[in-house]
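A.B. asks: Here is my input, please return the structure:
(one chain, ligands or ions: 1)
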Amino acid sequence: MKFLKKNSAGRIDLEDYVSTILINSDVTQFNLKGSRTFEANTVELQKKILEFANIPHEPQYIHVHPKEFYPSVTITKEEDVSEEKDTKEKSLLEAILSSETQPSKQLSDLFTILSTRRSTRKFDKTKVEDWKVDKILAAADTAPTAGNFQGFQVFYVKNNKTKEALVEAANNQPYVNSPVVLVFCMDPDRIKMKFPPNILEKFSLQDATLAAAYAQLAASGLGLSSIWIGMIDEEKIKTILGTELRASSILCIGYPDKKKPPKSRRKLKELVSIIE
Ligand SMILES: Cc1cc2nc3c(=O)[nH]c(=O)nc-3n(C[C@H](O)[C@H](O)[C@H](O)COP(=O)(O)O)c2cc1C
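C.D. replies: Numbering: from 1, shown residues only. I've put the predicted structure just below:
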(Lines give C-alpha, C1' and ligand atoms only; values in the text may rest on other atoms or scores of the structure.)
Protein backbone atom coordinates (compact mmCIF):
# COMPACT_ATOMS: atom_id res chain seq x y z
CA MET A 1 0.00 0.00 0.00
CA LYS A 2 2.78 2.39 0.95
CA PHE A 3 4.61 1.65 -2.28
CA LEU A 4 1.45 2.06 -4.33
CA LYS A 5 0.47 5.31 -2.60
CA LYS A 6 3.88 6.79 -3.27
CA ASN A 7 3.99 5.54 -6.87
CA SER A 8 7.30 3.93 -6.05
CA ALA A 9 8.81 0.65 -7.09
CA GLY A 10 9.98 -1.89 -4.58
CA ARG A 11 10.10 -5.42 -3.37
CA ILE A 12 8.22 -7.03 -0.50
CA ASP A 13 9.55 -10.27 0.97
CA LEU A 14 6.77 -12.12 2.70
CA GLU A 15 7.24 -13.90 5.99
CA ASP A 16 7.36 -17.41 4.54
CA TYR A 17 10.89 -16.49 3.36
CA VAL A 18 9.99 -17.55 -0.18
CA SER A 19 7.18 -15.39 -1.56
CA THR A 20 7.87 -11.96 -2.98
CA ILE A 21 5.92 -9.17 -4.60
CA LEU A 22 7.90 -7.04 -7.02
CA ILE A 23 6.34 -3.68 -7.76
CA ASN A 24 7.61 -2.04 -10.94
CA SER A 25 6.16 1.06 -12.50
CA ASP A 26 4.51 -0.96 -15.29
CA VAL A 27 3.98 -4.44 -13.89
CA THR A 28 3.65 -5.95 -10.41
CA GLN A 29 4.85 -9.50 -10.17
CA PHE A 30 3.55 -11.91 -7.52
CA ASN A 31 5.86 -14.84 -6.80
CA LEU A 32 3.84 -16.64 -4.18
CA LYS A 33 4.83 -19.96 -2.70
CA GLY A 34 2.79 -22.85 -4.10
CA SER A 35 1.43 -20.76 -6.94
CA ARG A 36 2.71 -19.94 -10.42
CA THR A 37 4.04 -16.43 -10.96
CA PHE A 38 1.38 -13.98 -12.02
CA GLU A 39 1.50 -10.36 -12.99
CA ALA A 40 -0.80 -7.40 -12.77
CA ASN A 41 -0.71 -4.01 -14.38
CA THR A 42 0.64 -1.74 -11.63
CA VAL A 43 -1.56 1.23 -12.57
CA GLU A 44 -4.69 -0.96 -12.59
CA LEU A 45 -3.69 -2.63 -9.35
CA GLN A 46 -3.00 0.71 -7.76
CA LYS A 47 -6.40 2.01 -8.85
CA LYS A 48 -8.19 -1.07 -7.49
CA ILE A 49 -6.35 -1.09 -4.20
CA LEU A 50 -6.74 2.61 -3.59
CA GLU A 51 -10.45 2.32 -4.44
CA PHE A 52 -10.68 -0.55 -1.97
CA ALA A 53 -8.95 1.57 0.62
CA ASN A 54 -11.73 4.15 0.27
CA ILE A 55 -14.46 1.59 0.93
CA PRO A 56 -15.23 1.69 4.65
CA HIS A 57 -13.32 -1.14 6.27
CA GLU A 58 -10.90 -1.69 9.13
CA PRO A 59 -7.76 0.17 7.95
CA GLN A 60 -4.67 -1.99 7.95
CA TYR A 61 -1.31 -0.68 6.90
CA ILE A 62 1.32 -2.97 5.54
CA HIS A 63 4.49 -1.83 7.17
CA VAL A 64 7.77 -2.95 5.65
CA HIS A 65 10.68 -2.87 8.03
CA PRO A 66 14.01 -2.05 6.41
CA LYS A 67 15.83 -5.26 7.37
CA GLU A 68 18.95 -6.16 5.49
CA PHE A 69 17.92 -9.51 4.10
CA TYR A 70 14.34 -10.37 4.87
CA PRO A 71 12.19 -7.32 5.42
CA SER A 72 9.37 -8.55 7.59
CA VAL A 73 5.85 -7.51 6.82
CA THR A 74 3.62 -6.78 9.75
CA ILE A 75 0.16 -5.35 9.90
CA THR A 76 -0.19 -2.36 12.15
CA LYS A 77 -3.11 -0.07 12.80
CA GLU A 78 -3.20 3.24 11.00
CA GLU A 79 -2.85 5.19 14.27
CA ASP A 80 0.31 3.25 15.10
CA VAL A 81 1.89 4.34 11.83
CA SER A 82 1.17 8.03 12.36
CA GLU A 83 2.30 7.75 15.96
CA GLU A 84 5.56 6.26 14.75
CA LYS A 85 6.06 9.20 12.40
CA ASP A 86 4.95 11.93 14.75
CA THR A 87 6.80 11.09 17.94
CA LYS A 88 10.53 10.76 18.12
CA GLU A 89 10.17 9.30 21.60
CA LYS A 90 12.42 6.42 22.51
CA SER A 91 10.85 3.05 23.15
CA LEU A 92 11.27 1.58 26.61
CA LEU A 93 13.68 -0.92 25.11
CA GLU A 94 15.87 1.80 23.57
CA ALA A 95 15.76 3.82 26.76
CA ILE A 96 16.91 0.85 28.85
CA LEU A 97 19.64 -0.11 26.41
CA SER A 98 21.04 3.39 26.16
CA SER A 99 20.80 4.30 29.84
CA GLU A 100 24.06 5.69 31.20
CA THR A 101 24.30 3.66 34.39
CA GLN A 102 27.19 1.58 33.08
CA PRO A 103 29.83 1.30 35.84
CA SER A 104 32.84 0.04 33.89
CA LYS A 105 33.12 1.16 30.33
CA GLN A 106 35.92 -1.22 29.45
CA LEU A 107 33.65 -4.20 30.09
CA SER A 108 31.11 -3.07 27.54
CA ASP A 109 33.23 -3.96 24.52
CA LEU A 110 31.69 -7.06 22.95
CA PHE A 111 34.97 -8.89 22.37
CA THR A 112 36.12 -8.19 25.91
CA ILE A 113 32.89 -9.69 27.18
CA LEU A 114 33.28 -12.75 24.94
CA SER A 115 36.86 -13.36 25.94
CA THR A 116 36.39 -12.88 29.70
CA ARG A 117 33.01 -14.52 30.39
CA ARG A 118 33.09 -17.42 32.80
CA SER A 119 30.18 -19.33 34.30
CA THR A 120 29.65 -19.22 38.06
CA ARG A 121 27.91 -21.68 40.33
CA LYS A 122 28.70 -19.74 43.52
CA PHE A 123 27.12 -16.35 43.85
CA ASP A 124 27.72 -13.89 46.62
CA LYS A 125 24.77 -12.41 48.48
CA THR A 126 24.96 -8.94 46.92
CA LYS A 127 21.64 -7.93 45.44
CA VAL A 128 21.66 -7.37 41.69
CA GLU A 129 20.51 -3.85 40.95
CA ASP A 130 17.13 -3.54 39.22
CA TRP A 131 18.60 -1.43 36.42
CA LYS A 132 21.02 -4.25 35.61
CA VAL A 133 18.16 -6.75 35.41
CA ASP A 134 16.32 -4.32 33.11
CA LYS A 135 19.38 -4.15 30.86
CA ILE A 136 19.70 -7.92 30.78
CA LEU A 137 16.04 -8.35 29.83
CA ALA A 138 16.33 -5.61 27.22
CA ALA A 139 19.41 -7.31 25.78
CA ALA A 140 17.45 -10.57 25.50
CA ASP A 141 14.81 -8.65 23.58
CA THR A 142 17.37 -7.52 20.99
CA ALA A 143 18.16 -11.10 19.92
CA PRO A 144 17.13 -12.04 16.41
CA THR A 145 14.07 -14.29 16.19
CA ALA A 146 12.45 -16.24 13.36
CA GLY A 147 10.46 -13.77 11.28
CA ASN A 148 10.90 -11.29 14.13
CA PHE A 149 7.91 -12.92 15.81
CA GLN A 150 9.77 -13.25 19.12
CA GLY A 151 8.71 -16.83 19.71
CA PHE A 152 9.80 -16.93 23.31
CA GLN A 153 8.78 -15.77 26.75
CA VAL A 154 10.87 -14.96 29.82
CA PHE A 155 9.76 -15.70 33.38
CA TYR A 156 11.63 -13.55 35.89
CA VAL A 157 11.34 -15.50 39.12
CA LYS A 158 11.63 -13.40 42.27
CA ASN A 159 9.67 -15.62 44.66
CA ASN A 160 11.95 -17.69 46.94
CA LYS A 161 9.60 -20.68 47.15
CA THR A 162 9.41 -20.78 43.36
CA LYS A 163 13.22 -20.63 43.16
CA GLU A 164 13.45 -23.61 45.52
CA ALA A 165 10.94 -25.53 43.42
CA LEU A 166 13.05 -24.78 40.33
CA VAL A 167 16.11 -26.27 42.07
CA GLU A 168 14.18 -29.52 42.34
CA ALA A 169 13.01 -29.27 38.72
CA ALA A 170 16.64 -28.83 37.68
CA ASN A 171 17.93 -32.13 38.99
CA ASN A 172 18.49 -30.60 42.45
CA GLN A 173 21.19 -28.20 41.30
CA PRO A 174 21.32 -25.89 44.34
CA TYR A 175 22.80 -22.86 42.54
CA VAL A 176 19.56 -22.48 40.60
CA ASN A 177 18.42 -20.63 43.72
CA SER A 178 20.42 -17.58 42.71
CA PRO A 179 19.90 -13.81 43.03
CA VAL A 180 18.30 -13.47 39.58
CA VAL A 181 16.50 -16.39 37.99
CA LEU A 182 15.27 -16.13 34.42
CA VAL A 183 13.43 -19.00 32.79
CA PHE A 184 13.44 -18.86 29.00
CA CYS A 185 10.45 -20.59 27.42
CA MET A 186 9.54 -21.43 23.86
CA ASP A 187 6.37 -19.84 22.50
CA PRO A 188 5.81 -21.28 19.01
CA ASP A 189 2.24 -19.89 18.81
CA ARG A 190 3.69 -16.40 18.47
CA ILE A 191 5.37 -17.36 15.21
CA LYS A 192 2.81 -16.62 12.51
CA MET A 193 4.48 -18.39 9.64
CA LYS A 194 2.98 -21.05 7.43
CA PHE A 195 5.39 -23.83 8.35
CA PRO A 196 4.76 -27.25 9.88
CA PRO A 197 4.47 -27.28 13.70
CA ASN A 198 7.82 -29.05 14.13
CA ILE A 199 9.60 -26.20 12.31
CA LEU A 200 7.82 -23.56 14.41
CA GLU A 201 8.78 -25.53 17.52
CA LYS A 202 12.40 -25.56 16.34
CA PHE A 203 12.29 -21.84 15.60
CA SER A 204 10.94 -21.10 19.08
CA LEU A 205 13.67 -23.22 20.67
CA GLN A 206 16.26 -21.23 18.75
CA ASP A 207 14.54 -17.93 19.62
CA ALA A 208 14.51 -18.75 23.34
CA THR A 209 18.09 -20.01 23.27
CA LEU A 210 19.44 -16.97 21.47
CA ALA A 211 17.61 -14.64 23.83
CA ALA A 212 19.12 -16.44 26.81
CA ALA A 213 22.57 -16.22 25.23
CA TYR A 214 22.17 -12.46 24.71
CA ALA A 215 21.04 -12.13 28.32
CA GLN A 216 24.06 -14.12 29.49
CA LEU A 217 26.46 -11.89 27.58
CA ALA A 218 24.73 -8.76 28.85
CA ALA A 219 25.08 -10.03 32.42
CA SER A 220 28.83 -10.48 31.89
CA GLY A 221 29.09 -7.01 30.39
CA LEU A 222 27.52 -5.64 33.56
CA GLY A 223 30.10 -7.28 35.82
CA LEU A 224 27.80 -10.14 36.79
CA SER A 225 28.19 -13.83 36.20
CA SER A 226 25.73 -16.61 35.43
CA ILE A 227 25.15 -20.29 34.99
CA TRP A 228 23.10 -21.71 32.14
CA ILE A 229 20.89 -24.57 33.27
CA GLY A 230 19.83 -26.98 30.56
CA MET A 231 19.27 -30.02 32.75
CA ILE A 232 15.62 -29.32 33.48
CA ASP A 233 12.37 -31.19 33.78
CA GLU A 234 10.04 -29.33 31.42
CA GLU A 235 6.85 -30.77 32.88
CA LYS A 236 7.79 -29.80 36.43
CA ILE A 237 8.65 -26.30 35.30
CA LYS A 238 5.30 -25.96 33.53
CA THR A 239 3.55 -26.75 36.81
CA ILE A 240 5.80 -24.48 38.88
CA LEU A 241 5.35 -21.49 36.58
CA GLY A 242 1.73 -22.24 35.75
CA THR A 243 2.32 -22.19 32.01
CA GLU A 244 1.90 -24.50 29.07
CA LEU A 245 5.09 -23.14 27.50
CA ARG A 246 8.12 -25.44 27.36
CA ALA A 247 11.21 -24.12 29.11
CA SER A 248 14.43 -24.26 27.11
CA SER A 249 16.86 -23.08 29.79
CA ILE A 250 17.16 -21.30 33.09
CA LEU A 251 19.69 -18.52 33.39
CA CYS A 252 20.87 -17.95 36.96
CA ILE A 253 22.62 -14.64 37.49
CA GLY A 254 24.39 -12.85 40.31
CA TYR A 255 27.69 -11.41 41.47
CA PRO A 256 30.29 -14.18 41.42
CA ASP A 257 31.73 -15.32 44.72
CA LYS A 258 35.15 -15.36 43.04
CA LYS A 259 36.20 -13.98 39.68
CA LYS A 260 37.68 -16.78 37.59
CA PRO A 261 39.46 -16.75 34.23
CA PRO A 262 37.60 -18.14 31.22
CA LYS A 263 37.77 -21.87 30.44
CA SER A 264 39.87 -23.06 27.54
CA ARG A 265 38.35 -24.32 24.32
CA ARG A 266 39.52 -26.70 21.58
CA LYS A 267 41.73 -25.19 18.92
CA LEU A 268 39.85 -23.06 16.43
CA LYS A 269 41.29 -25.24 13.66
CA GLU A 270 39.55 -28.29 15.15
CA LEU A 271 36.28 -26.45 15.44
CA VAL A 272 36.00 -25.38 11.84
CA SER A 273 35.62 -27.71 8.88
CA ILE A 274 36.28 -25.75 5.76
CA ILE A 275 34.35 -26.84 2.69
CA GLU A 276 36.12 -25.55 -0.41
C1 LIG B 1 23.05 -26.15 26.67
C2 LIG B 1 23.76 -25.97 27.99
C3 LIG B 1 23.31 -26.68 29.08
C4 LIG B 1 23.94 -26.50 30.31
N5 LIG B 1 23.39 -27.10 31.41
C6 LIG B 1 23.98 -26.95 32.61
C7 LIG B 1 23.39 -27.49 33.78
O8 LIG B 1 22.31 -28.08 33.75
N9 LIG B 1 24.05 -27.33 34.96
C10 LIG B 1 25.24 -26.64 35.05
O11 LIG B 1 25.78 -26.54 36.14
N12 LIG B 1 25.80 -26.07 33.95
C13 LIG B 1 25.19 -26.18 32.75
N14 LIG B 1 25.72 -25.55 31.65
C15 LIG B 1 26.92 -24.69 31.80
C16 LIG B 1 28.16 -25.31 31.18
O17 LIG B 1 28.58 -26.38 31.97
C18 LIG B 1 29.24 -24.26 31.04
O19 LIG B 1 28.78 -23.20 30.25
C20 LIG B 1 30.48 -24.87 30.39
O21 LIG B 1 31.14 -25.69 31.31
C22 LIG B 1 31.46 -23.86 29.86
O23 LIG B 1 31.89 -22.99 30.88
P24 LIG B 1 31.87 -21.41 30.67
O25 LIG B 1 30.43 -21.02 30.52
O26 LIG B 1 32.50 -20.83 31.91
O27 LIG B 1 32.66 -21.11 29.45
C28 LIG B 1 25.08 -25.68 30.43
C29 LIG B 1 25.50 -24.96 29.32
C30 LIG B 1 24.85 -25.08 28.13
C31 LIG B 1 25.27 -24.23 26.96
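A.B. asks: Backbone dihedrals for the residue of the chain found nearest the ligand, both of them.
C.D. replies: Nearest residue of the chain to the ligand: G230, at 2.6 Å (CB to the nearest ligand atom). Placement of C-beta: from N, CA and C, glycine included. For G230, the backbone dihedrals (degrees, to the nearest 10) come out as phi -110, psi -20.
A.B. asks: Might you report the residue contacts of it?
C.D. replies: S249 (CB atoms under 8 Å, 6 or more residues apart in numbering).
A.B. asks: and the gap between it and L14?
C.D. replies: From G230 across to L14, the span is 34 Å (CB to CB, to the nearest Å).
A.B. asks: follow-up on the earlier one: could you report the pLDDT at the residue of the chain closest to the ligand?
C.D. replies: G230 is assigned 98 on the pLDDT scale.
A.B. asks: measure it to K125 for me?
C.D. replies: Distance from G230 to K125, by CB to CB: 26 Å.
A.B. asks: Please apply the same query to Q29.
C.D. replies: 64 Å.
A.B. asks: higher neighbour count, those two?
C.D. replies: Neighbour totals were compared for Q29 and K125, and Q29 leads with 15 against 8 (other CB atoms under 10 Å).
A.B. asks: so that one is in which element?
C.D. replies: If you go by DSSP states H and E, Q29 is part of strand 27-31.
A.B. asks: mind checking how far that strand is from the chain centre?
C.D. replies: 32 Å (CA atoms, centre = their mean, to the nearest Å).
A.B. asks: Give me the contact list for it.
C.D. replies: With contact meaning CB under 8 Å, 6+ apart, strand 27-31 is reached by S19, T20, I21, L22, T37, F38, E39, A40, N41, T42, L45.
A.B. asks: same thing but at 10 Å, please
C.D. replies: Under the criterion CB atoms under 10 Å, 6 or more residues apart in numbering, residues 3-4, 9, 11-12, 14, 18-23, 36-46 lie in contact with strand 27-31.
A.B. asks: Then stretch 163-172?
C.D. replies: 155, 157, 159, 173-179, 181, 183, 229-241, 247, 249-250, 252.
A.B. asks: Sitting in helices, which of the residues you listed do you find?
C.D. replies: For these, the ones inside helices are E234, E235, K236, I237, K238, T239, I240, L241, with DSSP state H as the criterion.
A.B. asks: Please tabulate these in TSV, including the columns distance to the ligand, neighbour count and pLDDT.
C.D. replies: Formatted as TSV, the ones in helices among the contacts of stretch 163-172 follow (distance: CB to the nearest ligand atom, whole Å; neighbours: other CB atoms under 10 Å; pLDDT from 0 to 100):
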residue	distance to the ligand	neighbour count	pLDDT
E234	13	13	98
E235	16	11	98
K236	14	15	98
I237	13	21	98
K238	18	16	98
T239	19	11	98
I240	16	21	98
L241	18	19	98
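A.B. asks: which element is Q46 on?
C.D. replies: With DSSP H and E as criterion, Q46 is part of helix 42-54.
A.B. asks: Tell me the helices and strands packed up against that helix.
C.D. replies: Packing partners of helix 42-54 (3 or more CB pairs under 10 Å, 6 or more residues apart in numbering; DSSP states H and E): helix 2-5, strand 20-23, strand 27-31, strand 38-41.
A.B. asks: Just send those back as a markdown table, with mean pLDDT and distance to the ligand too.
C.D. replies: Converted to a markdown table, the helices and strands packed on helix 42-54 look like this (pLDDT from 0 to 100; distance: least, CB to the nearest ligand atom, whole Å):
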| stretch | mean pLDDT | distance to the ligand |
| --- | --- | --- |
| helix 2-5 | 64 | 42 |
| strand 20-23 | 84 | 36 |
| strand 27-31 | 85 | 39 |
| strand 38-41 | 86 | 46 |
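A.B. asks: Which among these is found nearest to S91?
C.D. replies: The closest of the helices and strands packed on helix 42-54 to S91 is helix 2-5. By CB to CB, the value is 21.3 Å.
A.B. asks: I figured S91 hits T142, correct?
C.D. replies: No: contact between S91 and T142 fails when scored by CB atoms under 10 Å: they sit 11.5 Å apart.
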